[in-house]
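Student: I need the structure of the sequence given here:
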Amino acid sequence: MIDIARVAGVSPMTVSRAFKSEGSVSETTRAAILQAAEDLGYVFDSTASNLRSQRSDFVAVTIPSLNNANFADTVGGLSEGLKARQLQILLGYTNYDILEEERLIEQLLRRRPGAIVVTGGRHTPRARRLLENAGIPVIETWDLPEAPIGHVVGFSNAAAVRGMVDHFVRQGLTRIAFIGGDADRDTRGSDRRAGFVAAMQAQGLAVDRLIAAGPPPISMREGATAMGRLIDTMPDTQAVICVSDLSAFGALTECQRRGLAVPGRYSIAGFGDYDIAAVAVPSLTTINPFSRAIGTKAAALILDVLDGRQDGPALLPITPELLIRESSR
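Tutor: Numbering: from 1, shown residues only. This next block holds a predicted model:
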């Protein structure tokens, strides 16, 4: 600011007032100051201002995966919703590890964010304590936790998969398998598997076709490998529900390599409504979780809380949509 004041021929205090758009600075003087800042490549340091106001200009966010289109859409919706208030996102990557999530939450909270958005509703006891005592809005997403910490924007992963099972049973398919990942790491994938098990049991069907595909995130290759094991060990399977569209696409390609018709010999479904599900041949039956809407709703909720329009914890449910496509017809 001293450098800008010297170039503009004003005092450092006038520079400060110009950046705050105070009326005591004329438009001519403000224009000269802003031009000097532009010429010098000056970037306003908001740290001291944030300390004085006790308000931050960023929101902390944790996501399990950087290359997952669903989480990218959620972050995109969140970023777009916060843009009008010039709130930025500080992103933490947990790699589906709740211990890493705990470490990141502590690191992010040290930077005093205006709010924190976490993916999922299951955390370590210490991470939960950190969030409960953070003194800022906490939004849990992509889940419907039994004991929310603060606000929730999400859905029941188990209920979503139950609807998929019911769809297959209505088609007369009873020998249904589930391809998923490491249940200890991917809590949402674990919930989907639990929903599969509950739905099969409710229909009076055997739950003996649970195929583990490795640690999350499950890739197309791992989906193909898991489908190969299923075909080799339980060839009488009629339908397969995969934990994600990527693993479902891998399962589809394994069937095509072996000359097994989809649909016909097998029906296959995924989860997430990725672009690849719509363009695959055949197109993949899937579940649309409205991932971008999760981010948009979370952003609107943050602004409501910060502006005092939201009193008390909010629960904003998302209703996933079953998209029946060619792979299960």
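
Student: Can you pull out the low-pLDDT segments for this structure?
Tutor: Using pLDDT under 70 as the threshold, the predicted model of the chain has low-confidence ranges 22, 44-55, 182-184.

Student: Go ahead and confirm W142 touches K297.
Tutor: No - with contacts counted by Cβ atoms under 8 Å, W142 stays clear of K297, the gap being 11.8 Å. Where C-beta positions appear, they are placed from N, C-alpha and C, glycine not excepted.

Student: Overlap of the contact sets of these two?
Tutor: When contacts are counted by Cβ atoms under 8 Å, 6 or more residues apart in numbering, W142 and K297 are jointly contacted by no residue.

Student: what's near enough to touch A300?
Tutor: G81.

Student: The spatially most central residue of the chain and A277, how far apart?
Tutor: Nearest to the mean C-alpha position of the chain, counting by Cα atoms, centre = their mean, stands F71 at 3.6 Å. With the distance defined as Cβ to Cβ, to the nearest Å, F71 ends up 16 Å from A277.

Student: Over to D304?
Tutor: D304 is 33 Å from A277, where distance means Cβ to Cβ.

Student: Give the residue from the two that has the larger number of neighbours.
Tutor: Applying other Cβ atoms under 10 Å to D304 and A277 shows that A277 carries more neighbours, namely 26 against 15.

Student: need the contact list for that one.
Tutor: 245, 248-249, 270, 283-284, 286, 323, 325.

Student: What residues does the nearest residue in space to E321 that is not next to it in sequence make contact with?
Tutor: Setting aside the residues directly before and after it, E321 is nearest to N288 in space (Cβ to Cβ, 6 or more residues apart in numbering), at 4.4 Å. Residues near N288 by Cβ under 8 Å, 6+ apart: 272-273, 320-321, 323.

Student: Check for me that L205 belongs to a strand.
Tutor: No - checked against DSSP: H, G, I helix; E, B strand; the rest coil, L205 lies outside a strand; its state is coil.

Student: three-state assignment of the residue nearest to it when sequence neighbours are not counted?
Tutor: What sits nearest to L205 in space, not counting adjacent residues and going by Cβ to Cβ, 6+ apart, is T174, at 5.4 Å. Per three-state DSSP, the local secondary structure of T174 is coil.

Student: quick one: contacts for T174?
Tutor: Neighbour list for T174: 203, 205, 238 [criterion: Cβ under 8 Å, 6+ apart].

Student: Between the contacts of A277, which sits nearest R229?
Tutor: If you rank the contacts of A277 by distance to R229 using Cβ to Cβ, A248 comes first, at 15.4 Å.

Student: what's the nearest residue to the closest one if we skip its chain neighbours?
Tutor: Setting aside the residues directly before and after it, A248 is nearest to G270 in space (Cβ to Cβ, 6+ apart), at 3.0 Å.

Student: and the contacts of N288, which two are the farthest apart?
Tutor: When these are compared pair by pair using Cβ to Cβ, the two farthest from each other are G272 and E321, 11.7 Å apart.

Student: Looking at those two, which is more packed in?
Tutor: Comparing G272 with E321 by neighbour count (other Cβ under 10 Å), the higher total belongs to G272, at 26 against 13.

Student: so who does that one touch?
Tutor: Under the criterion of Cβ under 8 Å, 6+ apart, the neighbours of G272 are 69-70, 244-246, 286-289, 291.

Student: Please name the nearest non-neighbouring residue to it.
Tutor: If you skip the residues right next to it in sequence, G272 has D245 as its closest partner in space, 4.6 Å away by Cβ to Cβ, 6+ apart.

Student: about what we covered before: how about the residue nearest to E321, phi and psi?
Tutor: Geometry field for N288 lists phi and psi as phi -90, psi 110, criterion degrees, to the nearest 10.

Student: That one and A199, how far apart?
Tutor: Counting by Cβ to Cβ, the gap from N288 to A199 is 19 Å.

Student: Please apply the same query to I139.
Tutor: With distances defined as Cβ to Cβ, the gap from I139 to A199 amounts to 29 Å.

Student: Neighbour count for these two, which is higher?
Tutor: In terms of neighbours (other Cβ under 10 Å), I139 is the more surrounded of I139 and A199; the figures are 28 against 23.

Student: Could you list everything that one pairs with in the sheet?
Tutor: In this structure, I139 has beta-bridge partners V117, H151, where bridges are defined by DSSP bridges.

Student: before we move on, the earlier item: I figured the residue nearest to G272 hits L284, correct?
Tutor: Yes - with contacts counted by Cβ under 8 Å, D245 reaches L284, the gap being 6.1 Å.

Student: quick one: L210 from M200, how far?
Tutor: Going from L210 to M200 by Cβ to Cβ gives 10 Å.

Student: Neighbour count: the two, which is higher?
Tutor: More neighbours surround M200 than the other of L210 and M200, with 22 against 14 (other Cβ under 10 Å).
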